[in-house]
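Colleague: build me a structure from this.
(chains A and B)
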Amino acid sequence: MIRIPQSIYDDMLVHAQEGFPLEVCGILGGVGDTVSASYRMTNTDASNEHFMMEPKEQFAVVKELRAKGLDMLGIYHSHPETPARPSEEDIKLALTPDVSYLIISLADAVKPDLKSFKINSGIVQHEVIKVIV
Amino acid sequence: MKISINGKETVIAENPERTVDSLLEELDVSQRLYVTVELNGEILDRPEYETTPVNEGDVIEFLYFMGGGA
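Modeller: Here you go, the predicted model:
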């Protein structure tokens, strides 16, 4: 399970909607299973089918998390037109250990869908999201 | 010698032939083709991993590509 404050949960949805029709991406930080920080990242692919984070931004966020005593807990991205499930490419590039992979689907424009997964060595497991205040 | 790896001070054996690439191998970093390395604040190009030596006091950060599809 991953616990996400309502404000951060909502911001991920807004980020995905603001970025539509392109994919957006970001990093979640926190302690244990509880998220307390989120970072909107640049999708250097600027694509509606792919995302790739900008390395300098990645290093900056990792260092900031470390300075705040937080861990990287999650990596999120949007699927503008496809369901909230990891694609083959998502699974192949799920290389960062011990993080949650969150996907926001805008396939239903009226009702965005946000799901979280653990992906290890190609094995995908759905993870419960608990929205907290 | 002392270096910093992902924010942790680390002592490693002296080895004048050690490169960034061989250090990642020593650290058992898997899928190294998908790793980005920052050495003393500068991001290295992938071909430089095998030619860049690791020196006393170096500050090394590495992380995996973060990307995907739809």
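Colleague: check the gap between the residue sitting nearest the centre point of chain A and residue A:133 for me.
Modeller: Nearest to the geometric centre of chain A sits residue A:76, at 0.9 Å (C-alpha atoms, centre = their mean). From residue A:76 over to residue A:133 the distance is 20 Å, taken as C-beta to C-beta, to the nearest Å. Yep, even glycine has a C-beta here, placed from its N, CA and C like the rest.
Colleague: repeat for residue B:67
Modeller: 32 Å.
Colleague: show me which of the two is the more surrounded one.
Modeller: Using other C-beta atoms under 10 Å in any protein chain shown, the more surrounded residue of residue B:67 and residue A:133 is residue B:67, with 23 against 5.
Colleague: report the contact partners of the more buried one.
Modeller: Shown in contact with residue B:67 (C-beta atoms under 8 Å, 6 or more residues apart in numbering or on different chains): A:45, A:50, A:51, A:52, A:53, A:89, A:93.
Colleague: now with 6 Å, please.
Modeller: By C-beta atoms under 6 Å, 6 or more residues apart in numbering or on different chains, the residues touching residue B:67 are A:51, A:52, A:93.
Colleague: in chain B, which spans are strands?
Modeller: B:2-5, B:8-11, B:35-39, B:42-43, B:59-64, B:67-68 (DSSP state E).
Colleague: tell me which of these is the most buried.
Modeller: Ranked by mean neighbour count under mean count of other C-beta atoms under 10 Å in any protein chain shown, those are led by strand B:67-68, which reaches a mean of 25.
Colleague: quick one: strands adjacent to it?
Modeller: strand A:51-52 (antiparallel) (DSSP bridges).
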